[in-house]
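>>> Sequence plus the predicted model coming up.
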Amino acid sequence: MKYILILIVLFSGCVTQKRCSERFPCTSSKDSIYIERLDTVEIILPGDSVIIETVVPCNDFELKIENGKLLASLKVVNGILQAKMNEKPDTVFRFTTNTVTITKEIPTQVRVKYTPKFVKIMAFVGGISVLLILGWLALKLKLF
């Protein structure tokens, strides 16, 4: 007797996958996520130099000035003016925004309206009993 009760409890709760998917079908919806990234682009500017020479009536001298990434020198040797300008290589950073869209499918369950057979049978029996009571009252009151 004990084993029969255990078997009844075990098998009464089992629902096949087919019945489960009939009652609760899966549908999916799409959801989009927008990600905005800030990207840094590195631009490298190469160094450059310029040399100018000309004849001037002047005494010999030399002058050098350095300011950050720029080196300038001016000198006169034997009446020839020589001007040099050197620029060191530089790096410039440019910021850009990059928008990425990620779309995911999200499965959702749509609940299907389900009426058990017992409830359908009881509704049918109730409807017939109402018709029988109305017919019996019609015969008693001699409406027909």
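Received, thanks.

>>> Point out the other helices and strands that the helix or strand hosting residue 108 packs with.
Element membership for residue 108, per DSSP states H and E: strand 90-109. With contacts defined as 3 or more CB pairs under 8 Å, 6 or more residues apart in numbering; DSSP states H and E, the packing partners of strand 90-109 are strand 26-45. Placement of C-beta: from N, CA and C, glycine included.

>>> what are the pairing partners of the strand it packs on, and which direction each?
strand 90-109 (antiparallel) (DSSP bridges).

>>> Run the chain-centre distance for the partner strand.
8 Å (CA atoms, centre = their mean, to the nearest Å).

>>> sorry, back to before: let me see the mean pLDDT of the strand holding residue 108.
What strand 90-109 shows for mean pLDDT is 80.

>>> again, but for stretch 78-85
88.

>>> picking that back up, CA atoms of the strand holding residue 108 as CSV?
Taking Å, rounded to 0.1, in the frame of the first residue of the first chain, the C-alpha atoms of strand 90-109 are listed here in CSV:
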residue,chain,number,x,y,z
ASP,A,90,55.0,65.7,-31.2
THR,A,91,52.0,63.6,-30.4
VAL,A,92,48.4,65.0,-30.5
PHE,A,93,45.5,63.1,-29.0
ARG,A,94,42.0,63.3,-30.6
PHE,A,95,38.9,62.1,-28.8
THR,A,96,36.1,60.5,-30.7
THR,A,97,32.9,58.9,-29.6
ASN,A,98,31.9,55.5,-30.9
THR,A,99,28.4,54.2,-30.4
VAL,A,100,27.9,50.4,-30.5
THR,A,101,24.5,48.8,-30.6
ILE,A,102,24.0,45.3,-29.2
THR,A,103,20.7,43.6,-29.9
LYS,A,104,19.7,40.5,-27.8
GLU,A,105,16.8,38.2,-28.1
ILE,A,106,15.1,37.7,-24.8
PRO,A,107,12.8,34.7,-24.5
THR,A,108,9.6,35.4,-22.7
GLN,A,109,6.8,33.0,-21.8
